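S.K.: Sequence plus the predicted model coming up.
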Amino acid sequence: MKYLILIYGSETSEAQLSSNEQEHMMGDYLAYTQQLAREQVLRAGEQLKAISTATTVRVRNGKVAHTDGPFAETKEQLGGFYLVDMPSKDAALAWAEKCPGARFGSIELRPIAEMQAGGAR
């Protein structure tokens, strides 16, 4: 089953890390990504740009509204994700626990609702 490992953290807190701490964290993410790839469970993964680059889109009563920034004010922001294919939720949880972002922010694990032909789930 496919899962998204969603990585949430505080951009403000991350910006306060020293360059050495930032390098160490990026090294941890590189090692984690390489482990997922070696285990052949990684399907995709990306870091997201800062929330200041986000645009929220809403359509209400046929009217479109674009708003700069994320959809809600939060202490933690979605910073990236991994799409993984795991044999079980327990296996996916074990990998989510290993994600470096769990040490500083939070990790949300979400199963993918896979679409079948004709749009059925």
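M.R.: All right, it came through fine. Residues are numbered from 1 along each chain as shown.
S.K.: residue ranges for the helices of this protein, please.
M.R.: Secondary structure of the chain (DSSP state H): helices located at 11-15, 19-38, 89-98.
S.K.: Which one, of those helices, ends up nearest to Ile51?
M.R.: helix 11-15 (6.4 Å; CB to CB). (Glycine included, C-beta is placed from N, CA and C.)
S.K.: Now do the buried residues in the closest one.
M.R.: Glu14 (16 or more other CB atoms under 10 Å).
S.K.: Counting by contacts, list what that helix packs against.
M.R.: The criterion is 3 or more CB pairs under 8 Å, 6 or more residues apart in numbering; DSSP states H and E, and the helices and strands that helix 11-15 contacts are strand 77-85.
S.K.: Now do the strand it packs on: distance to the chain's middle.
M.R.: 2 Å (CA atoms, centre = their mean, to the nearest Å).
S.K.: quick one: buried residues of it?
M.R.: Gln77, Leu78, Gly79, Gly80, Phe81, Tyr82, Leu83, Val84.
S.K.: circling back to that earlier point, as a markdown table, the helices of the chain with mean pLDDT would be great.
M.R.: Converted to a markdown table, the helices of the chain look like this (pLDDT from 0 to 100):
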| stretch | mean pLDDT |
| --- | --- |
| helix 11-15 | 88 |
| helix 19-38 | 97 |
| helix 89-98 | 97 |
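S.K.: Which among those is found nearest to Lys2?
M.R.: helix 89-98 (9.1 Å).
S.K.: Pull the residues that contact that closest one.
M.R.: 1, 3, 5, 32, 35-36, 41, 84, 86, 102, 107, 109, 111 (CB atoms under 8 Å, 6 or more residues apart in numbering).
S.K.: ok, back up a step: of the buried residues of strand 77-85, closest to Met115?
M.R.: Leu83 (14.7 Å).
S.K.: how far does the helix or strand bottoming out on mean pLDDT in the chain sit from the chain's center?
M.R.: Lowest on mean pLDDT, DSSP states H and E among the helices and strands of the chain sits helix 11-15, with a mean of 88. On the basis of CA atoms, centre = their mean, helix 11-15 sits 16 Å off its chain's mean C-alpha point.
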